[in-house]
Every structure is written in structure tokens, then in C-alpha cells.
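Q: Sequence plus the predicted model coming up.
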Amino acid sequence: MIKILFVCHGNICRSPMAEFVFRDMVQKQGLGDRFHVASAATSREEIGNPVHPGTTRKLREFGISTKGKYAVQMTKKDYENYDYLIGMESWNIRNMNRIIGSDPDHKVHRLLDFSDRPRDIADPWYTGNFDVTYNDIKEGCEALLWHILEKDGERF
């Protein structure tokens, strides 16, 4: 089983969006039982809060539910528990490295670094643009899945 943890600042907008988009994607490909997908925050600001209404609305357009998801914080132990720790932007990567201490197994990546156009994913908490965030996350999730299938294909 491949274990992926998506990470952003508060775990209410981008990382849960990535968690649910990726989970939906692998389910539709018949690979859902081969992945464990979760999300977390680098900060404590939103711990216990539900997914942002903008993310919930955007995902609902595609028949994806966020029911039961509440913000949690990433821990140092997550490094041992996950194969991929995926941040949404450079700032997240910096904070993730602060939490885990080091990345000797090269598990920490920025989501869109798997795409043909590496870049940060803007935080819709500030931009208000959940459409752009969704498009970026979908692009990144597709590229990440392709990467995993190429790299770890023998596990499937």
C-alpha cells in the first residue's frame, strides 16, 4: 500500500482538496485499495475545524464529499508512516522540514513538482479562487499518480 500525506498551512483548503481529489482519482481507476491518503497542516491554527466551505463547494461540483474531515497537524512520526509527504507550496515544504527534522529518504515534495509546470499552489484562503486551486491540485494529483505508477508499478 502506498501512503500519501498531503500538507498545507491549515489543512482546511488545499491539502484536504488534494486528499479527496487523489482519493477519488484512484477509486475511479480501481486502485483505491492500494493507497492510503490523508492530509494535515503545518500549523495549529485550524486544528479541529472542518474543511473550508469553498473547498467543500468546489469538490461537491464533482460529486466528492469532504464529510468527516477535520484539520489535524502533521507530526514528526508521519515521516515514518508515509511514503510521500506532499506540500502545496515552498513555504509548506520549509515548515514540513522543520517538523520532521530531515528528509533522508526524499519523501518530501511539492505537489506541482511532479507536473510539467512546477510551481506553488496559491492558497484560496487568501485568493478566494477555489477554481484555480482545484485545477492546480487536479494537475498535480494526476502527475503524482503517473509518477507513482511509473516508479512503483511493480507494487500494482
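A: Noted; the coordinates are in hand. All values reported here derive from a predicted model rather than from experimental measurement.

Q: What residues sit buried inside the helix or strand bottoming out on mean pLDDT in the chain?
A: Within the chain, confidence by mean pLDDT, DSSP states H and E is lowest for helix 124-127 among all helices and strands, at a mean of 93. Residues 124-125 are the ones in helix 124-127 that count as buried (16 or more other CB atoms under 10 Å). Any C-beta I mention is one placed from the backbone N, CA and C, and that applies to glycine too.

Q: In CSV, could you pull the C-alpha coordinates for it?
A: Output of helix 124-127 as CSV, limited to C-alpha atoms (Å, rounded to 0.1, in the frame of the first residue of the first chain):
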residue,chain,number,x,y,z
PRO,A,124,-7.5,30.1,-1.8
TRP,A,125,-8.0,31.3,1.8
TYR,A,126,-6.3,34.5,0.6
THR,A,127,-7.1,34.5,-3.1
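
Q: tell me how far it is from the chain's mean position?
A: 17 Å (CA atoms, centre = their mean, to the nearest Å).

Q: Ok, stretch 1-16 next?
A: Relative to its parent chain, stretch 1-16 has a centroid offset of 3 Å by CA atoms, centre = their mean.

Q: so residue 46 sits right up against residue 10, yeah?
A: Yes. Counting by CB atoms under 8 Å, residue 46 does reach residue 10; the two are 3.8 Å apart.

Q: Give the residues shared as contacts by those two.
A: Jointly contacting residue 46 and residue 10 under the rule CB atoms under 8 Å, 6 or more residues apart in numbering are residue 71.

Q: From the contact counts, what lies against the helix with the most length in the chain?
A: Across the chain, the helix with the greatest residue count (assigned by DSSP state H) is helix 130-151. Packing partners of helix 130-151 (3 or more CB pairs under 8 Å, 6 or more residues apart in numbering; DSSP states H and E): helix 14-28, helix 53-60, strand 84-87, helix 124-127.
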